[in-house]
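>>> from the sequence below, what's the structure:
(one chain, ligands or ions: 1)
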Amino acid sequence: MAVREHDKCLGFVRLVHRLRTLGLALAALPVASVLWQQRAPGWLWALLALNGYAWPHLAWLISTRSRQPNRTEQRNLLLDAASAGAWVALMRFNLLPSALLLSMLAMDRVGAGGWRLFGLSLLLEAVACVAVGGLLGFPVQWHSDTLNVFACLPMLMLYPVWVSTVNHALSQRVREQNRLLDRLNRTDSLTGLPNRTHWLEAAALELRRYQRNQRPAALILLDVDNFKQVNDSRGHAAGDAVLCELARLLEDNLREVDTPGRLGGDEFGVVLPETGLAQALAVAERIRCRAGRPADDPGGAQAWTLSLGVAGLDAGTADLGAWMHQADEALYRAKLQGRNRVGLPRRPHAAGGG
Ligand SMILES: Nc1nc2c(ncn2[C@@H]2O[C@H](COP(=O)(O)OP(=O)(O)OP(=O)(O)O)[C@@H](O)[C@H]2O)c(=O)[nH]1
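All right, here's what the predicted structure looks like:
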C-alpha cells in the first residue's frame, strides 16, 4: 500500500482510538459498579481492567502496524461490539448500565461507520450476549441501584460531548480538504496560476459586466516565442522554469483585480477589468519588455521573448468566443510580424478609458 494511502487510513484509526480510549475507560465504571454489587470473582475484574484500559492501546498497536489499518480497525470495532454484548450478559442484564453501554456504542458506531457498521455491531452484540448468557444460564438481575446510577453519570455526561468534539474536528478537516480540493481544481499545478477553466470564468464575468453596465475590460493572450526550441535545446525542465518565470512576471506586473492564467502549454492569458484598449496595450508592452530578463539585470539581453495579442470590448463582441477570437487573431498577427511584439485587434474598439 502506498505510504500516503496508509497515512489516510491512519486518520480513521486515530479517530476510533480517541473514541475508544475514553469510551471504554468511562464504560468500565458502570460495569465495575455491577461487578461490585454481584461480588464478582477476581478473573472478571481482571477481564474488565484489560478490556477497559489495556485493549484500546493494544487495538491501536494492532491497527497501526497492520498493512491495512482500515480493515483491521473495522475488525477491532466488531470485537468491541461483541465484548459489549458479552458484558451485558455478565452484568445479568442490569438495566441502566446495559442500556447505557449499548446506546453509547450505537452512537459512535453510526458516527464512525454509518448504518452498516451499526447493523453489524448490533448483530455481534446479540450473538455474544446470547452465547455468554447461555453459558451462564441466563441469570437476570434487572434492578439498578444508586451505585449503578452514579457510576453511569460520567459516561452519560462526558461521552456524548467527546463524540461531538471528535466529529466536529473531523467535519472541519473535511471542510478544509474540500477548500483545498477546490483551489487545486482551479489552479494550474506547474505555475500556480488559475487554470483555463478558472480563467475563462473570470473573462466571462467581465463580459457580463460590460453587457450589463458597459464597464470596459480587455484580454491579453500571450505565448512564449519558439518555446519548442527552449525545450529542445535546454531540456523540458528549463522549459518549465521559463513558464514559472512568466507566471511570476505576470503576478508581479498586474493589479490585484487582474486575473492571469495559464490556458495550456506555453499560452497564457490576462483578464483586465476596468481597462480600455489603450491601457491594455500599455500593460502588454510592459510585460513584453520585462519578459525573459534576469531580475538583477533588467536591461540585459532577453533569454526568451513573448508575443501578445490584445482585445478590448465593444458592442460588436457577441460572446466570450468572439472576444477570445479577437485576442487570438491579434496574437497570431504578432507572431506573423516577427514575434516579440504586441499584436493589435483588427477592428477599432469602442472600449474607453485608455
Ligand atoms: N516544458 C514544457 N513544455 C511544454 C509544456 N506544455 C507544452 N509544452 C511544449 O510547448 C511547445 C509549444 O510550442 P508551440 O507553441 O506550438 O510553438 P513555439 O515553439 O512556441 O512557436 P511559436 O508559438 O510559433 O513561437 C511544444 O513543444 C510543447 O511540447 C509544459 O508544461 N512544459
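>>> give me phi/psi at Ala280?
phi -60, psi -40 (degrees, to the nearest 10).
>>> again but with Pro69, I slipped
phi -60, psi -40.
>>> and the gap between it and the ligand?
According to C-beta to the nearest ligand atom, to the nearest Å, Pro69 and the ligand sit 37 Å apart. C-beta here means a position set from N, CA and C on the backbone, and glycine is covered the same way.
>>> isn't Met107 up against Val161?
No - in this structure Met107 lies outside contact range of Val161 using C-beta atoms under 8 Å: 11.7 Å.
>>> which of these two has more neighbours?
Neighbour count, other C-beta atoms under 10 Å: between Met107 and Val161, Met107 has more, with 17 against 9.
>>> what sits against that one?
Tyr159, Pro160, Val163 (C-beta atoms under 8 Å, 6 or more residues apart in numbering).
>>> distance of Leu22 relative to the ligand?
The gap separating Leu22 from the ligand is 50 Å, by C-beta to the nearest ligand atom.
>>> now the phi/psi pair for Val310, please.
Dihedral angles (degrees, to the nearest 10) for Val310: phi -120, psi 140.
>>> what sits opposite it in the beta ladder?
Following DSSP bridges, Val310 is listed with bridge partners Ile220.
>>> out of all of them, which helix in the chain is the longest?
Assignment by DSSP state H gives helix 95-136 as the longest helix of the chain.
>>> Val310 reaches Leu219, doesn't it?
Yes - judged on C-beta under 8 Å, Val310 makes contact with Leu219 at a distance of 7.2 Å.
>>> got any residues that touch both of those two?
Taking C-beta under 8 Å, 6+ apart as the criterion, Val310 and Leu219 both touch Ala280, Ala327.
>>> which single residue of this structure ends up nearest the ligand?
Gly239 (2.7 Å; C-beta to the nearest ligand atom).
>>> for this structure, where's the lowest mean pLDDT among helices and strands?
When the helices and strands of the chain are compared on mean pLDDT, DSSP states H and E, helix 3-38 comes out lowest with a mean of 87.
>>> how far does the helix or strand that it is followed by sit from its chain's centre?
As assigned by DSSP states H and E, the chain's next helix or strand after helix 3-38 is helix 42-49. Helix 42-49 has its C-alpha centroid displaced from the chain centroid by 44 Å (C-alpha atoms, centre = their mean, to the nearest Å).
>>> ok, and for helix 42-49, which residues are buried?
Going by neighbour count (16 or more other C-beta atoms under 10 Å), the buried part of helix 42-49 is Leu47, Leu48.
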